[in-house]
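S.K.: Task: produce atomic coordinates for the following.
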Amino acid sequence: MCVLSGTDYDNLLYVCTSCNAVKGHQEVADPTQTLLSKTVVVQDDGTLVATTPAAAELLELLHLNYRPLCQRRQLLMAAVKVFREREPELYRRWMGFPDDLPDLSRLRPPGGNSRPEGVAQSYLARRERSELPATH
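M.R.: Coordinates of the predicted model:
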């Protein structure tokens, strides 16, 4: 399991204030590796079901099955379904990648880029090679 500290550059993720407060200064598994489509199943009611111990631990720690979050998730899934079926252009706008994807080759993180190979796999680079799908 990949564990990152709160001060690890690779652990800089945008999170809401509530999630950050719950996590606090605890070291947690990297959610970009732990909460993937193979490790978490989203139920129709918005509940997340973990298929690995690491995912289960993170769901519990971050209270990701808190009832209001499940209700919001259910509502968003219903909206996306309606967009996909009835409003394809709205679906593309909602689920598409932004026009202003960051150019990672120009960024200079503290201590240098620890993953230079990631620049070639960035969304911008994939878009430039016509490899990026229209939607997520």
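S.K.: Please, which helix or strand holds residue 71?
M.R.: Assessed by DSSP states H and E, residue 71 sits inside helix 67-86.
S.K.: Mind checking what helix or strand follows that helix in sequence?
M.R.: The helix or strand immediately downstream of helix 67-86 is helix 88-95, counting by DSSP H and E.
S.K.: now that next one, how far from the centre of its chain.
M.R.: Between the centre of helix 88-95 and the centre of its chain there are 19 Å (Cα atoms, centre = their mean, to the nearest Å).
S.K.: Three-state assignment for the residue nearest the centre of the chain, please.
M.R.: Centroid-nearest residue in the chain: residue 32, 6.3 Å away (criterion: Cα atoms, centre = their mean). On the three-state scheme (DSSP: H, G, I helix; E, B strand; the rest coil), residue 32 is labelled helix.
S.K.: per-residue confidence for it?
M.R.: What the model reports for residue 32 is a pLDDT of 76.
S.K.: I'd like to know how far it sits from residue 58.
M.R.: For residue 32, the distance to residue 58 under the criterion Cβ to Cβ, to the nearest Å works out to 11 Å. The way it works is simple: take the backbone N, C-alpha and C, and place the C-beta from them, glycine included.
S.K.: give me the low-pLDDT residue ranges for the chain?
M.R.: Counting by pLDDT under 70, the chain shows low-confidence ranges at 1-16, 18-20, 22-23.
S.K.: now with 90?
M.R.: Across the chain, residues meeting the criterion (pLDDT under 90) sit at 1-38, 58, 61-63, 102-122, 136.
S.K.: where along the protein do the strands fall?
M.R.: In the chain, strands defined by DSSP state E lie at 3-4, 28-29, 40-42, 48-50, listed in chain order.
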